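Asks: could you work out the structure for the sequence below:
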Amino acid sequence: GHHALMRRPVAVKVLSPLAGDVGIARFEREVQMTCQLTHPNTIALYDYGRTDDGFFYYAMEYLEGLSLARLIEVHGRQPEGRVIHILQQVCASLAEAHARGLVHRDIKPQNIFLTCRGGIPDFVKVLDFGLVKALDAKGQIELTAANAPMGTPLYMSPEAVENPNAVNALSDIYSLGGVGYHLLTGETVFSGLSLGEVMLKQVREQPEPPSARLKQPVSPDLEDLLLRCLAKDPKKRPPSVEVLEEALGRCAASGTWSR
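Replies: Numbering: from 1, shown residues only. So this is what the prediction gives:
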């Protein structure tokens, strides 16, 4: 779309009235939650409302680039330095959301976008807070839980599989570990013939170390950090995205992906 007053292109997300009251309420809440977030690594929303014929919409910044899903599909696994560079920016976006009591719940390669901002390449934008959970908002949990998926099975934490109401910021860290694993190896942590099989593996199976999957060396510090993010027990994961971001910065490959 085109914003008449700002005179710039925008991306427009639209929801049909056929989505029903709960669907529309969730969509409107997504807008309200995302509008609270101002971090540069989070998608920016400009406006929202209803069309004359009842369609709810919101307008957000238009991005040129590609998602991590497309990056992996076209270019395969990525260098350690680039993986760290990307994950640190996602951590920065999530840090603001978590500080406001918001959990994304659907961190996956499709929702992480690489663009160019002010001449800075590989600038990350975190998209789609549609499944966001407000930890301190009683009465709103139903909007995320009613007839709605709790995330994407390939990146879903064990607790999200077993008890969606137990999801918290540590669940986003698990999903981000899954994204990092996929970027580093070119493969998802678990795979299966059905969603049920993948979800069962998320709960029961230990991830294969990236070095074993690739059959070649991986920096021990980065491998250990990703496996800690993927710990079944949330208490064994990095305690926050801020701690994770700092740990990524201490990895040997940090800073090797230059401009």
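
Asks: distance of the nearest residue to residue 250 once chain neighbours are set aside from residue 249?
Replies: Using Cβ to Cβ, 6 or more residues apart in numbering and skipping the chain neighbours, the partner closest in space to residue 250 is residue 221 (7.1 Å). (Glycine included, C-beta is placed from N, CA and C.) From residue 221 across to residue 249, the span is 11 Å (Cβ to Cβ, to the nearest Å).

Asks: quick one: which of those two has more around it?
Replies: residue 221 (16 against 12; other Cβ atoms under 10 Å).

Asks: spell out the secondary structure type for that one.
Replies: Of the three states, residue 221 takes helix according to DSSP: H, G, I helix; E, B strand; the rest coil.

Asks: now do the one 10 residues further on
Replies: When classified by three-state DSSP, residue 231 comes out as coil.

Asks: wait, what's in contact with it?
Replies: Neighbour list for residue 231: 174, 237 [criterion: Cβ atoms under 8 Å, 6 or more residues apart in numbering].

Asks: separation between the residue nearest to residue 250 and residue 60?
Replies: Taking Cβ to Cβ as the criterion, residue 221 is separated from residue 60 by 36 Å.

Asks: and if you look at residue 113?
Replies: With Cβ to Cβ as the criterion, residue 113 and residue 60 are 11 Å apart.

Asks: joint contacts of those two?
Replies: residue 43.

Asks: burial count for the residue lying closest to residue 195 once chain neighbours are set aside?
Replies: Nearest in space to residue 195, with sequence neighbours left out and distances taken as Cβ to Cβ, 6+ apart, is residue 153 at 4.9 Å. For residue 153, the count of nearby residues is 22 (other Cβ under 10 Å).

Asks: would you agree residue 153 is in contact with residue 197?
Replies: No - with contact defined as Cβ atoms under 8 Å, residue 153 does not reach residue 197; the gap is 9.2 Å.

Asks: many thanks, we can stop here.
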